[in-house]
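Model the structure of this input:
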Amino acid sequence: MNEYLSLSPEVQKAFEENKPVVALESTIISHGMPYPQNVKTAKEVEDIIRGYGAVPATIALLDGKIKIGLTADELDDLGTRSDVAKASRKDLPYLLATRKAGATTVAATMICAELAGIEWFVTGGIGGVHREAETTMDISADLEELAQTNVGVICAGAKSILDIGLTLEYLETKGVPVIGYQTETLPAFFTRTSEFHVNYQVDSPEDIARTLKAKWDLHLEGGAVIANPIPEEHAMDETFITTVIDEAIAKAKAEGVEGKDVTPFLLDEVNKATEGKSLAANIELVKSNAHLGAQIAVAYANLKTAVPNR
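Numbering: from 1, shown residues only. Below is the predicted model:
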């Protein structure tokens, strides 16, 4: 893997000292938020993770390498460049071979994290089954990755632009546990609740770490969704955001927006319709997920180093 992986000095030192490491995606920087909020948020999220004694590893493709951990200058560069590709599983080989810049999606970040030996990944929300997928077959690669890649994904649930019911059915079929952190219902990104239930409500980072350790000890391959509701003071009204999303989806369909362009288009439309409030909510939920993800990573690291009961 040395041919493709490049660890930042901070991440390399963390591995040498057996410190917990938390992966972070880079699509949220290059495609998910405008500048300068994207870079500012990325740096704040990294600092939150460091505050718990864990080490952040923002992942991106640069100069023919999978960068596990970015410098401040690399974050700035990623947040302002216009030539950064959105990289999922299918894109990794080509982007590495051609030395093109790539920002990793949830699926690609999971792959790269597992290659580097990182078990925990913080993001905003996972992709899923898109509305009308029964005719378009538009299903995010994130779901298949969750089924086969051993990384726990801390998120604010599935993006509310998706068909959440079908997303949960897909995860159920693939044997991916959906764990609600202090909630029995699945959060829907901008809102704390939805009409859908998680598989298990778990109320402490330590119990989440124990659950995933047991899963992987049993060689039950694949990750898990750890759904953390957006903080109440930053949540949006469910009826209002549903109306906004429905209108954005109708506009996307009318303008022929398809494939990987759908999600950024819809999020941009929602941000405009909410006069920037959805962007502010997005930033706060990512920070909240970083707090939880760092705690889980620390708890998991402690479990791995604990002396087994005899």
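
Can you check the pLDDT for Pro308?
At Pro308, the predicted lDDT confidence score is 62.

Which pLDDT value does the model give the residue lying closest to Tyr181 once chain neighbours are set aside?
Excluding the flanking residues, the one nearest Tyr181 by CB to CB, 6 or more residues apart in numbering is Asn228, at 4.5 Å. From N, CA and C alone the C-beta is placed, and that goes for glycine too. On pLDDT, Asn228 comes in at 98.

ok, Asn228 - contacts?
154-156, 181, 187, 285, 288-289, 292 (CB atoms under 8 Å, 6 or more residues apart in numbering).

And this protein, split by domain according to the record?
Per the record, the chain has its domains at 1-118, 124-310, by automatic domain parsing.

Helices of the stretch 151-300 of the chain, residue ranges please.
If DSSP state H, counting those that start in this stretch is used as the criterion, the helices of the stretch 151-300 of the chain fall at 164-173, 205-217, 238-254, 262-273, 277-305.

next one: the stretch 1-150 of the chain
Counting by DSSP H, counting those that start in this stretch, the stretch 1-150 of the chain has helices at residues 9-16, 27, 37-50, 72-80, 92-98, 106-116, 133-136, 141-148.

ranking these by mean pLDDT, which is last?
helix 133-136 (a mean of 80).

Quick check: buried residues in it?
Judged by neighbour count (16 or more other CB atoms under 10 Å), helix 133-136 contains these buried residues: Ala133.

Relative to Thr58, which of the helices of the stretch 151-300 of the chain is closest?
With CB to CB as the criterion, Thr58 lies closest to helix 277-305 of the helices of the stretch 151-300 of the chain, at 11.4 Å.

closest to Ile245 out of the helices of the stretch 1-150 of the chain?
helix 133-136 (15.8 Å).

With distance to Gly51 and neighbour count added, can I get the contacts of Asn228 in a markdown table?
Shown next, in a markdown table, are the contacts of Asn228 (distance: CB to CB, whole Å; neighbours: other CB atoms under 10 Å):
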| residue | distance to Gly51 | neighbour count |
| --- | --- | --- |
| Ile154 | 16 | 28 |
| Cys155 | 20 | 25 |
| Ala156 | 20 | 30 |
| Tyr181 | 19 | 22 |
| Pro187 | 23 | 27 |
| Leu285 | 18 | 26 |
| Ser288 | 14 | 20 |
| Asn289 | 14 | 28 |
| Leu292 | 13 | 20 |
